[in-house]
Every structure is written in C-alpha cells, then in structure tokens.
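1. Sequence first, predicted coordinates after that:
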Amino acid sequence: MRVGVVKEIKPDEYRVALTPAGARELKASGHDVLVEAGAGAGSMFPDADYETVGAQLTSAVDVWETADLLLKVKEPVESEYGLLREGQVLFTYLHLAADEPLTRALIDSGTTAIAYETVETDDRQLPLLAPMSEVAGRLAAQAGAYFLEKPLGGRGLLLGGVAGVAPGKVVVLGGGMVGYNAAVIALGLGAHVRILDRSVNRLRELEQILSGRVELVMSSSLEVEKSVLEADVVIGAVLIPGARAPKLVTAEMIRGMKEGAVVADVSIDQGGCFETSRATTHSDPVYVVDGVTHYCVSNMPGAVPITSTIALTNVTLPYVETIADLGVREAVAGDRALARGVNVMDGKLTYEAVGEAHGLDSTPLEELLPLEPV
Ligand SMILES: NC(=O)c1ccc[n+]([C@@H]2O[C@H](COP(=O)([O-])OP(=O)(O)OC[C@H]3O[C@@H](n4cnc5c(N)ncnc54)[C@H](O)[C@@H]3O)[C@@H](O)[C@H]2O)c1
C-alpha cells in the first residue's frame with residue numbers, strides 16, 4: 001500500500017501523523033511511504049530523518065493524489081476539501097458531529113474516512129483519543145493557572161495559595177481522560193479540586209485512584225450551577241462519543257461567576273460545553289465574556305508537538321499497519337474497534353450520531369460489509 005502523510009495546515013498545528021520510526025516499520029512491512037516535504041518539521045523531525053528510513057519526500061498534492069491511505073492529525077480544512085477523493089482512506093481526527101460542511105464534503109467526495117476519536121474498544125475505551133486527552137487535560141490545568149494571573153486579565157490568584165492563604169477552586173466537568181489528567185495537574189499545583197461526572201461507575205473509579213484528594217460529585221444541572229458559581233477555574237471535559245457536547249454551563253451561570261475566573265473548554269472540539277464558548281487558536285487563545293476568561297483552543301495538544309506527536313503515533317501505528325497490511329475492508333471487518341472508527345465508507349455516512357447531529361441519513365456499516373461478531 002502507498003501510505004501518505006501531509007503537513008498539517010490548520011493554524012498553529014505542529015503535529016505530524018507519522019514519525020520516522022513509524023515510517024520505518026511500514027517500510028519494513030513492504031509498504032511505500034510518501035511524506036510531504038517539511039511535514040515533520042514542527043515536531044522536530046527533519047525531512048532527512050524520513051529519507052534515511054526509506055520514505056519518499058514529495059509535494060502535498062502528490063500525496064493526496066497517489067496515497068491509498070492518507071494519514072493526518074486534524075480534520076481536512078476547507079482548502080483541502082477538493083483533494084478528497086474516491087478510492088482513498090483518510091485516517092485522522094474528524095469530529096464530524098461539530099462540522100457539517102466537512103461531513104458533506106466527505107460524503108460528496110466518495111472517500112472512506114476513519115476518525116481517530118471514534119475508534120472504540122468493546123469496553124468503551126477510546127484508544128486514539130486517550131493520549132491527546134491526557135495532554136489536553138494537563139495543559140488545561142496549566143492554562144487555568146496561567147490565565148488567573150492579573151496581568152493576563154485574571155482574578156490575580158495563585159491556584160495553589162501559600163501557607164495561610166487558601167488555594168483556588170478548580171471544577172472539572174467530566175471525569176474521563178481529560179478530566180482526570182486536569183485534576184491531577186491541578187492537585188499538583190495545590191488547588192482544591194472538584195470533579196463532576198454523570199457516571200457513578202466512573203466516580204467510583206476516581207474515588208479509588210484519587211483516594212479522597214478530590215471532591216467527587218454526581219453531575220446534575222443544580223450541582224453544575226452551584227460548583228461553577230464558586231469556582232476560580234472551570235474545566236469542561238465532558239464527552240458523549242460522536243455527539244455534540246451538552247451545554248452544561250449556561251450563559252446565565254457564566255454571568256454569575258467570579259470576576260476574572262477562567263473557563264477552559266476542552267470539549268470545544270465537539271462544540272463545547274459552555275453556552276458562551278467559541279473555538280480559539282493558540283495564537284489568540286482567550287476572550288472574555290461577562291468578566292470570565294474563556295480558553296477554548298480546539299487543538300490544544302498542538303502546542304506541545306514533540307510530546308503529542310510521539311504519544312499519538314504510539315497508538316495509531318498498530319491500526320495503520322493493520323489497514324496497510326490487510327486493506328481497509330478486511331481490517332475493518334476483523335476489528336470492531338476500528339469498525340466503530342469508520343464515519344464514512346465509500347461516500348456513505350455510517351456513523352449514526354453524526355447523521356443525527358446534521359439531520360443526514362446514515363447507513364449502518366454492517367450493511368456495507370460483513371463485520372466480525374461482537
Ligand atoms: N481541545 C482539545 O484540544 C482536545 C484534546 C483532547 C480531547 N478533547 C476533547 O475533550 C473531551 C473529553 O475527552 P475525554 O477523552 O476525557 O473523554 P472521556 O470519554 O474519557 O470522558 C468524558 C467524561 O464525560 C462524562 N460525561 C458525559 N456527560 C456528562 C455530563 N452531562 N456531566 C458530567 N459528565 C459527563 C462521561 O461520563 C465521561 O466520564 C472530548 O470532547 C474530546 O474530544 C479536546
């Protein structure tokens with residue numbers, strides 16, 4: 001198979017979808033690897049490192065036109081829609097429930113698109129989202145602490161306090177991978193931390209792991225409201241897989257928050273869980289609504305590309321190898337987790353929640369190809 005990698009052109013995105021180590025593994029299995037010149041530069045992988053392991057350096061258009069399997073990190077941006085085509089498999093983060101134009105572009109192009117974030121194991125783990133969620137959660141706590149500083153428009157509060165001065169209060173909405181990692185860093189900074197989740201099983205797990213160091217609360221609109229009004233930092237980290245994030249925090253709750261508090265909406269890539277959220281970039285990461293600083297960067301891990309690229313490719317490579325070795329149909333047919341990642345197959349929308357989000361018809365994947373029994 002011809003496996004292609006293009007440079008990410010979304011603003012402030014420095015990750016790359018394949019490391020030289022990954023390229024070497026694919027070459028060793030007999031595949032061709034095409035890499036757009038300069039694709040790895042943002043993650044400190046120079047072209048020479050790819051050439052040394054046998055990858056071919058070429059232009060973006062050549063990769064799009066000739067690769068059987070195209071690897072990216074973020075969803076195609078509008079200028080790339082015209083390059084999508086039938087007969088190619090696109091493997092990347094897509095977040096289609098929050099992006100109707102891209103959903104339609106994928107369908108119209110006739111391509112097959114597998115979303116990293118919806119690859120889901122039978123025990124409901126999201127193995128290709130997890131490492132980026134670890135990074136984003138940790139960064140969210142750092143961002144919260146940073147933007148509380150007075151010169152940056154914050155309350156002027158040191159999150160950890162000092163001896164004799166109370167620490168700041170961090171509220172984490174959603175105690176999954178992002179929420180847990182945000183809580184760990186906030187705890188490390190010395191903050192008082194409360195996590196709200198709507199899964200009692202998840203709350204039990206967190207109770208075991210964090211053993212009394214955080215407050216764990218069942219999520220309800222009343223508890224969310226009470227917590228948000230007391231908080232110095234609120235981190236939005238909820239997820240309903242494949243669907244738009246629920247708006248847990250209303251504009252009215254934001255109006256009632258402390259002056260100079262910070263909200264970090266990590267769920268912004270699924271539309272955000274604060275009513276007042278809109279996506280921002282690393283070059284202009286925050287804006288203020290009713291005195292509350294909003295940090296809503298949709299590609300947070302892009303800020304730390306060395307860590308993120310390696311963490312991401314560690315988990316994507318086994319799936320890339322399976323698709324390259326078996327072809328997409330056989331790979332998907334034999335692996336339920338990968339099958340759940342398929343959002344569009346040969347131009348047909350197969351992911352129900354995306355169809356529901358945009359009022360589009362979807363076709364169950366098993367109607368298009370035989371899947372292994374669950
Ligand atoms: N902005 C970024 O750069 C970035 C990076 C990585 C992940 N993310 C996003 O962060 C979000 C969280 O990802 P994750 O990996 O932690 O997901 P996860 O599935 O591990 O955790 C989500 C948690 O939200 C909880 N939840 C769902 N509805 C809830 C509600 N109403 N109230 C409280 N809790 C609720 C679930 O029970 C679950 O524990 C996702 O939208 C993901 O796409 C964003």
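-> That came through, no problem. Numbering: from 1, shown residues only.

2. Confirm R124 sits in a strand?
-> No. R124 is assigned coil when assessed by DSSP: H, G, I helix; E, B strand; the rest coil, not a strand.

3. What separation is there between it and the ligand?
-> 8 Å (CB to the nearest ligand atom, to the nearest Å). All C-beta atoms are positioned from the backbone trio N, CA, C, and that covers glycine.

4. and the gap between that residue and N201?
-> 11 Å (CB to CB, to the nearest Å).

5. what sits in contact with each of the two?
-> Jointly contacting R124 and N201 under the rule CB atoms under 8 Å, 6 or more residues apart in numbering is no residue at all.

6. quick check: longest helix of this protein.
-> For the chain, the helix with the greatest residue count under DSSP state H is helix 305-326.

7. List the contacts of that one.
-> 1, 3, 14-19, 21-22, 25-26, 29, 31, 42-45, 69, 71, 73, 89, 91, 114, 116, 119, 127-128, 130-132, 134-135, 301-302, 331, 334-335, 338, 341.

8. just checking, what packs against the very next helix or strand once past that helix?
-> Next along the chain after helix 305-326, taking DSSP states H and E as the criterion, comes helix 328-333. Helix 328-333 sits against strand 112-115, helix 305-326, helix 336-341, with contacts defined as 3 or more CB pairs under 8 Å, 6 or more residues apart in numbering; DSSP states H and E.

9. if we go to 6 Å?
-> In terms of contacts (3 or more CB pairs under 6 Å, 6 or more residues apart in numbering; DSSP states H and E), helix 328-333 is packed against no helix or strand at all.

10. Would you mark the buried spots in that helix?
-> 328-329, 331-333 (16 or more other CB atoms under 10 Å).

11. could I get that helix in CSV with only the CA atoms?
-> C-alpha atoms of helix 328-333 as CSV (Å, rounded to 0.1, in the frame of the first residue of the first chain):
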residue,chain,number,x,y,z
VAL,A,328,-9.4,-1.3,4.7
ARG,A,329,-12.3,-3.6,4.2
GLU,A,330,-10.6,-6.7,5.7
ALA,A,331,-9.0,-4.6,8.5
VAL,A,332,-12.4,-3.1,9.5
ALA,A,333,-14.3,-6.4,9.1
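
12. near the ligand, from the contacts of helix 305-326?
-> Subset of the contacts of helix 305-326 in contact with the ligand: 132, 301, counting by CB under 6 Å from any ligand atom.

13. Which ones among the contacts of helix 305-326 map onto helices?
-> 21-22, 25-26, 130-132, 134-135, 331, 338, 341.

14. Pick the one among those closest to the ligand.
-> The closest of these to the ligand turns out to be M132 (CB to the nearest ligand atom; 4.3 Å).

15. Would you list the phi and psi of the nearest residue to G256 once chain neighbours are set aside?
-> Nearest residue to G256, sequence neighbours excluded (CB to CB, 6 or more residues apart in numbering): L229, at 5.2 Å. Recorded main-chain torsions at L229 are phi -70, psi -30, according to degrees, to the nearest 10.

16. So L229 versus A333, what's the distance?
-> Taking CB to CB, one finds L229 at 51 Å from A333.

17. Kindly report the same for A17.
-> 24 Å.

18. just G82 next, same as before
-> Taking CB to CB, one finds G82 at 31 Å from A333.

19. Let's see stretch 164-184 as CSV, backbone CA atoms only.
-> The C-alpha coordinates for stretch 164-184 follow below in CSV (Å, rounded to 0.1, in the frame of the first residue of the first chain):
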residue,chain,number,x,y,z
GLY,A,164,-2.0,30.7,55.4
VAL,A,165,-3.8,31.6,52.2
ALA,A,166,-6.5,29.3,50.8
PRO,A,167,-5.9,27.7,47.4
GLY,A,168,-8.1,28.4,44.3
LYS,A,169,-11.0,26.2,43.4
VAL,A,170,-10.9,24.1,40.3
VAL,A,171,-14.1,22.5,39.0
VAL,A,172,-13.8,19.8,36.4
LEU,A,173,-16.9,18.8,34.4
GLY,A,174,-16.5,15.2,33.2
GLY,A,175,-14.0,12.9,34.9
GLY,A,176,-12.8,10.9,31.9
MET,A,177,-9.3,11.0,30.5
VAL,A,178,-9.2,14.8,30.1
GLY,A,179,-10.9,15.5,33.4
TYR,A,180,-8.7,13.1,35.4
ASN,A,181,-5.5,14.5,33.9
ALA,A,182,-6.6,18.1,34.5
ALA,A,183,-7.4,17.1,38.1
VAL,A,184,-4.0,15.5,38.7
